[in-house]
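1. fold the following and give me the result.
(chains A and B)
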2 protein chains.
Amino acid sequence: MPAERPLLGAIEAGGTKFVLGVGDGPDAIIEQMQIPTRDPETTLAETVAFFRKHAGLAAIGIGSFGPLERNRDAAKWGHILATPKPGWSDCDLAGSIARTFGLPVGFDTDVNAAALAEARRGAARDAKVSVYVTIGTGIGGGVIADGQIIGGTGHPELGHMRPRRAADDRDFGGTCPFHGDCLEGLASGPAIIARWGQSLSHLAPDHEAHAIIAGYLAEMCNSVRATLAPDAIVLGGGVMGTPGLFERIVAEASARDGGYFALSANQVIRRPALGPISGLAGAFLLAADLLQD
Amino acid sequence: MPAERPLLGAIEAGGTKFVLGVGDGPDAIIEQMQIPTRDPETTLAETVAFFRKHAGLAAIGIGSFGPLERNRDAAKWGHILATPKPGWSDCDLAGSIARTFGLPVGFDTDVNAAALAEARRGAARDAKVSVYVTIGTGIGGGVIADGQIIGGTGHPELGHMRPRRAADDRDFGGTCPFHGDCLEGLASGPAIIARWGQSLSHLAPDHEAHAIIAGYLAEMCNSVRATLAPDAIVLGGGVMGTPGLFERIVAEASARDGGYFALSANQVIRRPALGPISGLAGAFLLAADLLQD
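-> Next up is the predicted model:
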């Protein structure tokens, strides 16, 4: 490790808040600030003002809400794509930061950034292949192999897979405007509230919702295991804060896998190690990677 | 390219036949032979006899039926794992070839080998991330990113994901001894014959089977798209020889994706370019990769 590490900027650009950081890396944050996500102009102006306080930044990493264009070869690289969030569709988030500061900017989804952080520094440190899934306001996933984000032209949209519906649970139509009862339409925080009027953690421990949601998330885990055979699937996000949910998911995934996979559900499915800072930590790693080789 | 390329051996080790090849690479095969898969002793003796005819081999690649141990750090590297195929469980396929010839041996699943060949030389040449799926006696998949097989401790078992059952098709219990109506239990060649008494290509074009099977394979494609956002999903294997099936799958995947993914079903879902030689071609690439760096 060099005696002086370059100073990095990091942005976790979320739908409700931007978390901004400056430091030598995710383990050496010098200053951190949070601002509400308003219109792009206001939000970007506050973001720029934060980084202007820190001279000598070498690179900035951004983990952002999506959908977004992560492909560096694309004309729209750095842009938010079509989003229901007012004003943000087609916003050139990464490009405007890059031009303002004249710095290299790393840009990926917030989930890919968190996945990178959990793989390099967190719960999947020992894994050659890992998947990070966040279950909260939305559901998203990121895939890491050998410490690198796996991605082609687009980025994963794990929330939009369609889990098998339970035999006794086929009436709820789901809340996804695109797919109805895809995973996000069934098991995201808003879907749970739309269906049962409360968040999962506020429903009584014997409420049917716990088994139903655990079942759908177990189906997702097993589908990911079949597709990729990851060494680790890390489950984060607000919904996962529900007491007992993690254990239920592991038990359901195990009960449904027929003992068929090389690794057991118990080995593969994991709690996050970095918690809420994984997105910002990943944004630091996106910045640091620009200074490699 | 050097004037003389090293001579390579390749084995596509299938459940019913072994295809053996010697050449400078998949595009320069000097001799190729096919032998029936019998007990391991007989089959390996015939395999060894074939390669003994060729002096100067530099490496041998094996793409094999599974389940198998592909992890080089594992004690059982090179072995077939628990398989219903009589005599083959725990057979040290790669190790015995390596010891017999004193050569470096590459070893992976037949599907990963085919995926590698389609990604480097075939239908997914332009793709940064691609998935190859074979739908035949079994259903399997392999994932390639930047020309390399993505894999951790295990290997994908794509046939064992559980697609959502169609609303009007929930009675057939499926044929998978582990999971019943997983994808392989519903849409593999033997599952189709068990259900309708004939292979898909022998059932009349207006038979319900065509829509049902296309629907399950479309569900699989969309689940893989959600998980990985691949640039290409290449569909091979005997069942895909059914006239009209490919078009039905693309149409169904498109109808069900809600226009949500960055790439359309039509761009992503592809026919193989290498056809039945993809497994052997991939075995050559596994051998060639051992001689890199």
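2. whichever residue of the stretch 101-250 of chain A sits closest to chain B: neighbouring residues, count only.
-> At 3.0 Å from chain B, A:Gly154 is the closest residue in the stretch 101-250 of chain A, using Cβ to the nearest Cβ. C-beta here means a position set from N, CA and C on the backbone, and glycine is covered the same way. Using other Cβ atoms under 10 Å in any protein chain shown, A:Gly154 has 23 neighbouring residues.
3. which secondary structure element contains it?
-> Using DSSP states H and E, A:Gly154 sits in no helix or strand.
4. domain ranges for chain A?
-> With domains defined by automatic domain parsing, chain A comprises A:7-112+A:276-292, A:125-272.
5. and the shortest one, how far out from the chain's middle?
-> Averaging C-alpha positions (Cα atoms, centre = their mean, to the nearest Å) puts domain A:7-112+A:276-292 14 Å from its chain's average.
6. get me the contact residues on the stretch 151-293 of chain A for chain B.
-> A:151-165, A:176, A:178-179, A:219, A:222-231, A:256-263 (Cβ under 8 Å from any Cβ of the partner chain).
7. one more time with 6 Å, if that's ok
-> Neighbours of chain B within the stretch 151-293 of chain A, by Cβ under 6 Å from any Cβ of the partner chain: A:152-158, A:160-162, A:164, A:178-179, A:223-224, A:226-231, A:258, A:260, A:262-263.
8. tell me which of those residues fall in helices.
-> Those of these mapping onto helices are A:Ser223, A:Val224, A:Ala226, A:Thr227, A:Leu228, per DSSP state H.
9. can you show me the strands along the stretch 1-150 of chain A?
-> With DSSP state E, counting those that start in this stretch, the ranges of strands along the stretch 1-150 of chain A come out as A:7-13, A:17-25, A:28-36, A:57-64, A:105-109, A:129-135, A:139-145, A:148-149.
10. do a quick rundown of the helices in the stretch 151-293 of chain A.
-> Listed in chain order, the helices of the stretch 151-293 of chain A (DSSP state H, counting those that start in this stretch) span A:183-187, A:189-196, A:208-228, A:245-256, A:265-268, A:278-289.
11. which stretches of chain A have low pLDDT?
-> Low-confidence regions of chain A, defined by pLDDT under 70, span residues A:1-3, A:293.
12. quick one, what contacts the most centrally placed residue in it?
-> By Cα atoms, centre = their mean, the mean C-alpha position of chain A lies nearest to A:Val111, the distance being 2.0 Å. Contact partners of A:Val111, counting by Cβ atoms under 6 Å, 6 or more residues apart in numbering or on different chains, are A:Thr134, A:Gly140, A:Gly142.
13. burial check on the second one, number of neighbours?
-> Just to be clear, that refers to A:Gly140. Neighbours of A:Gly140 (other Cβ under 10 Å): 27.
14. name the nearest residue to it, sequence neighbours excluded.
-> Nearest residue to A:Gly140, sequence neighbours excluded (Cβ to Cβ, 6 or more residues apart in numbering or on different chains): A:Val111, at 4.0 Å.
15. try A:Gly95
-> Closest to A:Gly95 by Cβ to Cβ, 6+ apart is A:Gly78, at 4.3 Å.
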